[in-house]
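Student: model this:
(one chain, ligands or ions: 3)
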Amino acid sequence: MANIGVLLINLGTPDAPDTASVRRYLGEFLSDQRVVEIPKLLWQPILRGPILLTRPAKSAKAYREVWLDEGSPLAVYTCETAARLQELTGPEIRVDWAMRYGKPSIADRLNAMIAEGCSRILLAPLYPQYCAATTATALDACYAALARLRVQPAIRTLPPYYADPSYIEALRTSTERQLAALDFKPDMLLASFHGMPERTRTLGDPYYDQCRASVKLLQDALGREVRLSFQSRFGRAKWLGPATDETLRELPAQAVRSVAVLTPGFSADCLETLEEIAMRGREDFLAAGGEAFAHLPCLNASPEAMILYRNLIGRELAGWVQDEFRPIREGN
Ligand SMILES: C=CC1=C(C)c2cc3[nH]c(cc4nc(cc5[nH]c(cc1n2)c(C)c5CCC(=O)O)C(CCC(=O)O)=C4C)c(C)c3C=C
Ligand SMILES: [Fe+2]
Ligand SMILES: [Fe+2]
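Tutor: Ligands and ions are numbered 1, 2, ... in the order given. As a prediction, the model looks like this:
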C-alpha cells in the first residue's frame, strides 16, 4: 500500500452540458471570494439575479460544442493525466485527481487517499502561474478538508512552475511537435492566458508577471517571437490586456496572415481553449481577413506533460522517496 500520495488539482467543470448543471457549477465557482473579490452582500444578489438567470444557458450551449463522449474535456484530460502519471510512478506513489469546484471534490479524494494509507501527501494545483483565484483557493479547500481531521497526513504543496526549465522544455517540445504537423507555417505565435481583473495585479497577485516570464522563457527556447494576450474577460471591471479576441481581430491588419495560438496557462484543454480560442478565436481571426489559424492543444496527458510532472513531483517528493525517482529528460 502506498503511503505517499500526489493529488493533482484542477479548476472544476459542470457534471453535464445542460443549464441546470452549469448553473450549479457557476453558482459554486463564482461564489468563491478568491475568484470574485466583491463583498458578499453586494455580489450575491447580482450573481443569484442577472448572472445565474442568463449565463448558464449560454455557457451550456458552449459546453455542448466541446463535450466529449467521456465527459467534460477538463475532467477527461485531468483524469487521463493522473492515470498516466500513476503508471509512470508505479504503486509506491498513489496519484489521484480532484476539482476545486464540482466533482470529484478535493475533500472526497483527500479522504480516500488517507483511507488508503497515504500519510504523506503532495498537493499539486495544476496551474503553472500562481493566482489567488486558482492556486490559493485550491489549497484553501485542501486545508479546509484537513481541518476536519483528527489525524492529518504530512503535507507538501507544489510551487508555481511558470519558470521551471521542465515546464518551458515541455512547452517548447510540444509546440515544435504541433507546429511541424500543421499544413502551414504561422506568421505569428500567440500565447493566450486566462485573464484576471487588472486590480488583482496592484493588490500583489504575481500572476501577470509570471505569465510574462513564462512567455519570455518560451520565446528564448523557441528562438522566435511569442506574443502574449489574455482571454475570457468576465464582468465590467478592467481586465489584464491585451485581450486575445481583440488581438486576433487586429492581427490581419498588421500583415499577420496566419497564426497559431497556444494556451500555456491551462494544463488541460477546456471550454476556454476549445470553444473560446479554437472556435470563436478562429472565427474572429478569419473574419478579420486572416487566412490560416491553429489552436495548439494544451499539454494535457502528452508525453511532454508526463516528463514535466514526473520531474516536478520527483523534486517535491525529495526525502519522501528514494533516489529511483530521479529527473528524466526526453529520450532516456
Ligand atoms: C471573475 C471571474 C473569473 C476569474 C477571476 C477567473 C480566473 C481564472 N479561471 C481560470 C481557468 C478556467 N476558467 C474556466 C471557466 C470560467 N472562468 C470564469 C470566470 C472567471 N475565471 C467563468 C464564468 C467560467 C465558466 C465558463 C463560462 O461561463 O464562460 C475554465 C474552464 C472550465 C471548464 O469547465 O472547461 C478554466 C480552466 C484561470 C486559470 C483563472 C485565473 C488565472
Ligand atoms: Fe476562469
Ligand atoms: Fe470563456
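
Student: for the rest of this, base every contact and every neighbour count on C-alpha atoms.
Tutor: Noted.

Student: tell me which stretches of the stretch 201-332 of the chain form helices.
Tutor: Ranges of helices in the stretch 201-332 of the chain, per DSSP state H, counting those that start in this stretch, are 207-222, 244-250, 271-274, 282-287, 303-316.

Student: now swap in the stretch 1-150 of the chain and tell me
Tutor: Counting by DSSP H, counting those that start in this stretch, the stretch 1-150 of the chain has helices at residues 19-29, 40-46, 52-66, 73-89, 106-115, 137-146.

Student: of the ones you listed, which is nearest Phe184?
Tutor: Phe184 lies closest to helix 52-66 among these, at 24.5 Å (Cα to Cα).

Student: of all the helices of the stretch 201-332 of the chain, which lies closest to ligand 1?
Tutor: Closest to ligand 1 of the helices of the stretch 201-332 of the chain, according to Cα to the nearest ligand atom: helix 271-274, at 3.9 Å.

Student: and that closest one, how far out from the chain middle?
Tutor: From the chain centre to the centre of helix 271-274 is a distance of 10 Å (Cα atoms, centre = their mean, to the nearest Å).

Student: so what touches it?
Tutor: 62-63, 66, 73-74, 232, 263 (Cα atoms under 8 Å, 6 or more residues apart in numbering).

Student: I'd like the average pLDDT over that helix.
Tutor: Mean per-residue pLDDT for helix 271-274: 98.

Student: could you do stretch 112-128 as well?
Tutor: 98.

Student: go through it and flag the buried ones.
Tutor: Under the neighbour-count criterion of 16 or more other Cα atoms under 10 Å, stretch 112-128 has 113-114, 117-128 buried.

Student: wait, which of those residues is closest to ligand 1?
Tutor: Nearest to ligand 1 among the buried residues of stretch 112-128, counting by Cα to the nearest ligand atom, is Tyr127 at 6.7 Å.

Student: go ahead and confirm the closest one touches Pro160.
Tutor: Yes. Between Tyr127 and Pro160 a contact is recorded at 6.8 Å, counting by Cα atoms under 8 Å.

Student: what about Val226, how many residues nearby?
Tutor: Val226 is flanked by 21 other residues according to other Cα atoms under 10 Å.

Student: can you name the residues bridging to the closest residue to it other than its chain neighbours?
Tutor: The spatially closest residue to Val226, leaving aside those adjacent along the chain, is Leu189, at 5.0 Å (Cα to Cα, 6 or more residues apart in numbering). Beta bridges link Leu189 to Val226, Ala260 when assigned by DSSP bridges.

Student: in contact with Leu189, which residues?
Tutor: Contacts of Leu189 (Cα under 8 Å, 6+ apart): 225-227, 259-262.

Student: let's see 10 Å
Tutor: 175, 179, 219, 224-228, 258-262, 294-296 (Cα atoms under 10 Å, 6 or more residues apart in numbering).

Student: re earlier: format the helices of the stretch 1-150 of the chain as CSV; extra columns: distance to Leu274.
Tutor: Formatted as CSV, the helices of the stretch 1-150 of the chain follow (distance: least, Cα to Cα, whole Å):
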stretch, distance to Leu274
helix 19-29, 17
helix 40-46, 28
helix 52-66, 6
helix 73-89, 9
helix 106-115, 25
helix 137-146, 23
